[in-house]
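K.L.:
Need coordinates for the below:
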Amino acid sequence: MKLEACTVAIRERKRSELFDLGFALCRRHAAAFATLALAHGLPMALAAHWLLAQPDPDNWSRIYPALLLADLMTLWLTTAVTVYLGHALFEVRPSMRQALALAWSRAPALLLATLIRLVCTVTVIGLLLWPTFLPECLLLERQPFRAAWKRARQLGAAGDGLTHALQSIVVALFGLIALVWAARETWSALTLGLVWEDAWWTWLNPGHALAPWLALIPIATYLAVVRYLAYINVRTQREGWEVEIGLRSAAAEFHVSGSEVA
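P.N.:
Below is the predicted model:
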């Protein structure tokens, strides 16, 4: 990892700045992120819709299992995006094929993480024990599961998992409503309102409509980018990356000026 070659400035940032930078990176790598997220997310969205499908749009009884399934889907459909972003930010020539291959090579560890995540989500309070940066430690640092868990716990303070989950829920909820509303209005405009007669809120029912599962893909991708930036931010704080880059820059300038004098 060449810190001085990072494509974004390495410095400590506030949480609000991470969300802004996340949007900028999503615009910069939009094509790659869309391809990688859809490669994992589209089959998952179709499978989730099939598993929870029900004929009655007014029946919301499957909302809780849908929330659990959506939480687990986000862990998988963003793995390749995380790997790609880790390469792209440090000017290692990013490859979508390589990102997919590496993500799948870590499938056993990610499966174990998924099972633990399920237990944490069901109990809710277990999210206090969930290490926020476990996916980054598994995928980018390529450590064994136990070492990655310990490393992620060291990087994140107690309760970070719950805090990140609550923030993600808020962002995902507003994003989901906006995307589904836009999809419904677009469909209504294209069909002149003649094809779809259900109320707009039935499009938010994950047991009835496919739209919420499709909307989950871009939302989860964006949140994964923000989480990765938070991971970089924590390492910058804990490991003094900003100071190290400053020293390297000063040393390089001194070397150049010394050569000119000579």
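K.L.:
out of everything not next to it in sequence, what's closest to the residue sitting nearest the centre point of the chain?
P.N.:
The chain has A224 as the residue nearest its centroid, 1.4 Å off, counting by C-alpha atoms, centre = their mean. What sits nearest to A224 in space, not counting adjacent residues and going by C-beta to C-beta, 6 or more residues apart in numbering, is T78, at 3.6 Å. Where C-beta positions appear, they are placed from N, C-alpha and C, glycine not excepted.
K.L.:
Was I right to think that neighbour contacts A39?
P.N.:
No: if you go by C-beta atoms under 8 Å, T78 and A39 don't touch, sitting 11.4 Å apart.
K.L.:
Helices of the protein, start to end?
P.N.:
For the chain, the helices defined by DSSP state H occupy 15-28, 30-52, 63-77, 79-88, 96-105, 107-123, 134-139, 145-155, 160-190, 211-239, 241-261.
K.L.:
pLDDT (mean, whole number) over the shortest one?
P.N.:
Helix 134-139 shows a mean pLDDT of 90.
K.L.:
what about the stretch 101-250 of the chain, any weak spots by pLDDT?
P.N.:
Within the stretch 101-250 of the chain, the segments meeting pLDDT under 70 span 156-176, 183-185, 187-201, 240-250.
K.L.:
mind listing what the residue nearest to R62 when sequence neighbours are not counted touches?
P.N.:
Leaving aside its sequence neighbours, R62 sits nearest to G207 (C-beta to C-beta, 6+ apart; 4.0 Å). By C-beta atoms under 8 Å, 6 or more residues apart in numbering, G207 lies in contact with 52-54, 59-63, 66.
K.L.:
before we move on, the earlier item: T78 and A39: who's more crowded?
P.N.:
Neighbours were counted for T78 and for A39 using other C-beta atoms under 10 Å; T78 has more, 28 against 16.
K.L.:
So T221 is in contact with T78, correct?
P.N.:
Yes: with contact defined as C-beta under 8 Å, T221 reaches T78; the gap is 5.9 Å.
K.L.:
between the two, what contacts are shared?
P.N.:
With C-beta under 8 Å, 6+ apart, T221 and T78 have common neighbours A37.
K.L.:
Next, format the contacts of G207 as JSON lines and append distance to L46, pLDDT and neighbour count.
P.N.:
JSON lines is the format used below for the contacts of G207 (distance: C-beta to C-beta, whole Å; pLDDT from 0 to 100; neighbours: other C-beta atoms under 10 Å):
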{"residue": "L52", "distance to L46": "12", "pLDDT": "85", "neighbour count": "17"}
{"residue": "A53", "distance to L46": "11", "pLDDT": "82", "neighbour count": "13"}
{"residue": "Q54", "distance to L46": "16", "pLDDT": "80", "neighbour count": "14"}
{"residue": "N59", "distance to L46": "21", "pLDDT": "75", "neighbour count": "12"}
{"residue": "W60", "distance to L46": "21", "pLDDT": "73", "neighbour count": "17"}
{"residue": "S61", "distance to L46": "21", "pLDDT": "78", "neighbour count": "9"}
{"residue": "R62", "distance to L46": "16", "pLDDT": "78", "neighbour count": "17"}
{"residue": "I63", "distance to L46": "19", "pLDDT": "78", "neighbour count": "13"}
{"residue": "A66", "distance to L46": "14", "pLDDT": "82", "neighbour count": "20"}
